[in-house]
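Chemist: here are the coordinates; sequence isn't available:
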């Protein structure tokens, strides 16, 4: 089992918004969805990606020296260019970039390496009612790796949370569920056509899985990104409420107000940001949305408050 | 705070208002104004001293010292302000040019004070409140009658000095009567204040108002009458508790009135103490039987800090396993408002640490952070603090220079190099200890404090002055600044000079002399690729443990005065001052940047978050560090506005303390706010940040320190 490895892009200690207590969150890389508002665009592609933080570059030129592909270039006007198409992701430039302007998003790790990191804050999990969270990307996109970590965590007594989009075959969920204490389940849009437009996939499997998950008895925290003009209409929310009424074991609904902190990342990854100029919902709007759900009997929490 | 102008007190569930009445709010504004424009001294004190010296220099040394104090207290001008409920500060102003000239002249006529620390003082309020000035004078007189000639002189000095305090309080009463005539409509209040002062000028206080008034006037007398700067209110939730509870039970006071009086005391402290200093209140902890002391006054002392939101005093909370959860929750919510208080002190660790120094079980529970985090036993200590501050990375740079200049051979191994730096540091510490010891002995001759002797346990019992072995506890505490810079610098040398052998010591030294100019890649590599202290990294932390324990042992191997030298690890503002004087260091720190601001990771070096930082700092034993140490953690306000964030904060604090951490404090700000405050200081005059064991107004910090605080804030993400 320990030979199972996976691709992650971050492990974050002292995570306090990914489930109860003080947690360590493992971010797995690779996601079948491609949501317009995704604030972790580096999590989507299921292979490593090289990212350039221009503001950190000190112009030492080491990356030019080591790059066999001539992927790094400075134009006569001083503009720093990274030719993504030439790059073969050998990582030599990252190794010599001491200023950490060049970062490889995504690294292959073994379960044991992840566990060593997760054990570091074990003292805090116990006393704060925290534990570990697998997030992403989509953890169920790497089901064997996810299962292996969850199994090990349970055997070491850690509380486990799985943060998922719901877009994976039910059989995969069935396998990991015995090792999951809490599911953080995303609900992005009720309309299948809109869902496909904004996330790249339809929502049928997601809704089906959520109902089944409810039946399984595991506590579920439903997480709804609230993106103005896309899924925050009263109709959208009421449809969601209607549906959620049929799902068992929902402990609470957490609303995640859209924010723009991910925007800069798109540029660094050489991708287009489709929500340019969209303003985050204000506090009043979030309260209004929360009110609709509360009216239907849900315990609602607005993230960040 | 406006939206939270009311607050519920956990024990009684009573609600008090944090909104100051307009009269008190005006006093607060005045204190803020004075903080901005500068708080001065009493320019006439040296002139009074000179006169006292001329008149009494032929008498015994102790008698002259007492006369000096008494005459200061008889002549010091008093300033009252409309609306005040706690009264009697001296009038503070800059000297006129004429006065400045005269002061210079007269100062040379008086024998100079030998030095050492006499401030950061804690009087024995409990005894004062129990006996009153009259009771203490009776004790002095009856001991005088029963004693030998030499001791009689000491008692006579004490009687003269405390007589001065009594006179000062009567003068405050007279001033109140006079003010009553001028402050139409408020005559009754001034008459009441006059009668309070009149009474406590001799009698023990009988109400909460009388007790807090006597507390303030005693602070003023010790501070301005006998140069015990930063005399503190101390453990207010113990000393004032009997008065508060009796008044409340008898219906003589409401909770809001008690809170207002505490606010008035806090405001007064801001009127008499200029910026960049510290003065402390401590709440919580355990009584002499080891029982938790938390009571309603504990909460009111904290609430008054929220209501006044001024720079002084800082309120510390003594935490132990029996601290009520609701007090911890109250404290964390208070942190969430951005005030930076309370700091949490580890009661269990400090109590055991004090007992290691021979403090009795009963006394060990009754300690204070004397201003920042340095510990003294309340009302029983002649303990000098932060004597001196040591610049840790300086020793490392000096050794590098000696090697680079060929005055020392390049050590063959890292262990040899490390040993050289240790020896250098040990020599510096020994030199300081010897110097302090000389001062300690000189103080017994030409120091001495008859008024402090009245309020320090065992001076009267032994018939000996505070400076002549009268105090129950006598020791000197030092403070090591920049432990993290030293350790991280040694790590860089270990890796670059001794492991990869890329640089010689001389080459490295030359790069430092050039402030890393042309070597930014090396600097970035040191910052980002070489393990550093504070990240739960065993290699770096092991070196930190080795060094911290070495510094503790090397301190304790020296004796100063009557006791072993006692170590500490905090910096007040010295990390900035030393930093500005210290060239680039091998940890990647550029010349002039502040040194590490606490006993944990250096600024911006925590790459693994606060849990890792807390785990690192608690890998070494803090029990010996009675001189104090600080663990800083910094959060944005937005983080602490979430329930999850608040709970996590509390768990982090408690885990740190359970692991034997000495003290932990929280800075709550956002980088945007700080940057805006830099650009528009006028909008942020009362923005408080915790600097290092103390808080200050952000806009008044110099640009270097502002940049440093912003760097800390950025880092939290």
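Modeler: On my side now, so go ahead. As the structure is a computational prediction, the values presented were derived from the model and not from experiment.

Chemist: Residue ranges in the chain under the pLDDT threshold?
Modeler: Here I'm looking at chain A. A:1-2, A:304-305 (pLDDT under 70).

Chemist: wait, chain B
Modeler: Residue ranges of chain B with pLDDT under 70: B:1-4, B:636, B:638, B:682-683, B:685-686, B:688, B:690-696, B:712-717.

Chemist: Spell out which parts of it neighbour chain A.
Modeler: B:520-522, B:524-525, B:527-529, B:536, B:608-612, B:615, B:638, B:641-642, B:644-645, B:647-648, B:651-652, B:654-655, B:658-659 (C-beta under 8 Å from any C-beta of the partner chain). Glycine gets a C-beta too; all of them are placed from N, C-alpha and C.

Chemist: Buried by neighbour count, from these: which ones?
Modeler: Among the residues of chain B next to chain A, those scoring as buried are B:521-522, B:524-525, B:527, B:536, B:608-612, B:615, B:642, B:644-645, B:647-648, B:651-652, B:654-655, B:659 (criterion: 16 or more other C-beta atoms under 10 Å in any protein chain shown).

Chemist: What is the burial count for residue 285?
Modeler: You didn't say which chain, so I picked chain A. 14 (other C-beta atoms under 10 Å in any protein chain shown).

Chemist: let's do chain B instead
Modeler: 28.

Chemist: Identify the residues contacting it.
Modeler: Shown in contact with residue B:285 (C-beta atoms under 8 Å, 6 or more residues apart in numbering or on different chains): B:235, B:292, B:293, B:318, B:320, B:345, B:347, B:365.

Chemist: Mind listing residues that contact stretch B:54-71?
Modeler: With C-beta under 8 Å, 6+ apart, stretch B:54-71 has contacts from B:48-49, B:51-53, B:109, B:153-154, B:156-161, B:163-164, B:167, B:221, B:225-226, B:445-446, B:448-451, B:465.

Chemist: and with 6 Å instead?
Modeler: B:48-49, B:52, B:153-154, B:157, B:160-161, B:163-164, B:225-226, B:448, B:450-451 (C-beta atoms under 6 Å, 6 or more residues apart in numbering or on different chains).

Chemist: Buried ones from those, can you make that a PyMOL selection?
Modeler: Command for PyMOL that selects the buried part of these, burial taken from 16+ other C-beta under 10 Å:
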select buried, chain B and resi 48+49+52+153+154+157+160+161+163+164+225+226+448+450+451
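
Chemist: for residue A:102, phi and psi?
Modeler: phi -100, psi 120 (degrees, to the nearest 10).

Chemist: try residue B:209
Modeler: Torsion angles, degrees, to the nearest 10, at residue B:209: phi -60, psi -40.

Chemist: Please narrow the contacts of residue B:285 to those residing in helices.
Modeler: residue B:347 (DSSP state H).

Chemist: Could you chop the chain up by domain?
Modeler: Assuming you mean chain A. By the assignment in automatic domain parsing, chain A contains the domains A:5-46+A:108-302, A:49-105.

Chemist: Chain B, not that one
Modeler: B:41-229, B:233-355+B:630-717, B:383-448+B:476-626.

Chemist: now the ones you listed in a markdown table, with distance to residue A:15?
Modeler: Shown next, in a markdown table, are those (distance: least, C-beta to C-beta, whole Å):
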| stretch | distance to residue A:15 |
| --- | --- |
| domain B:41-229 | 41 |
| domain B:233-355+B:630-717 | 9 |
| domain B:383-448+B:476-626 | 9 |
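
Chemist: what's the closest of these to residue A:112?
Modeler: If you check each of the domains of chain B against residue A:112 by C-beta to C-beta, domain B:383-448+B:476-626 wins as the nearest, at 17.5 Å.

Chemist: That closest one: end-to-end distance?
Modeler: Domain B:383-448+B:476-626 has its terminal residues 11 Å apart, counting by C-alpha to C-alpha, to the nearest Å.

Chemist: what about the nearest residue to residue A:100 once chain neighbours are set aside, distance to residue A:102?
Modeler: Take residue A:100 and drop its neighbours on the chain: the residue closest to it by C-beta to C-beta, 6 or more residues apart in numbering or on different chains is residue B:528, 5.4 Å away. If you measure residue B:528 against residue A:102 using C-beta to C-beta, to the nearest Å, the figure is 12 Å.

Chemist: which helices and strands sit right next to the helix or strand residue A:176 falls within?
Modeler: Assigned by DSSP states H and E, residue A:176 falls within helix A:170-176. Using 3 or more C-beta pairs under 6 Å, 6 or more residues apart in numbering or on different chains; DSSP states H and E, the elements in contact with helix A:170-176 are helix A:143-155.

Chemist: returning to that earlier point: quick one: closest of the domains of chain B to residue B:470.
Modeler: domain B:41-229 (8.1 Å).

Chemist: chain center to that closest one, what's the gap?
Modeler: 23 Å (C-alpha atoms, centre = their mean, to the nearest Å).

Chemist: Please apply the same query to stretch B:446-466.
Modeler: With C-alpha atoms, centre = their mean, you get 23 Å for stretch B:446-466.

Chemist: what does stretch A:289-304 give?
Modeler: The mean C-alpha position of stretch A:289-304 is separated from the chain mean by 22 Å, C-alpha atoms, centre = their mean.

Chemist: Now the residue positioned nearest the centre of chain A. Nearest residue, chain neighbours left out?
Modeler: By C-alpha atoms, centre = their mean, chain A has its centre lying nearest to residue A:136, at 3.3 Å. Here the nearest residue to residue A:136 in space, its sequence neighbours aside, is residue A:28; by C-beta to C-beta, 6+ apart that works out to 4.5 Å.

Chemist: do the same with residue B:223
Modeler: In space, residue B:223 is closest to residue B:231, 5.0 Å off (C-beta to C-beta, 6+ apart).

Chemist: what does residue B:31 give?
Modeler: Using C-beta to C-beta, 6+ apart, the closest residue to residue B:31 is residue B:270 (3.9 Å).

Chemist: which SSE is the one you found in?
Modeler: helix B:255-272.

Chemist: contacts for that helix?
Modeler: So helix B:255-272 is in contact with B:14, B:16-17, B:27-28, B:31, B:85-86, B:89, B:208, B:212, B:216, B:244, B:279, B:300, B:303-304, B:307-308, B:310, B:312-313, going by C-beta under 6 Å, 6+ apart.

Chemist: list the buried ones in that helix?
Modeler: B:255, B:258-272.

Chemist: what's the closest of the residues you listed to chain A?
Modeler: residue B:259 (29.1 Å; C-beta to the nearest C-beta).

Chemist: Strands of the stretch 1-150 of chain A, start to end?
Modeler: Secondary structure of the stretch 1-150 of chain A (DSSP state E, counting those that start in this stretch): strands at A:5-15, A:23-28, A:49-52, A:72-74, A:80-82, A:102-105, A:107-110, A:131-135.
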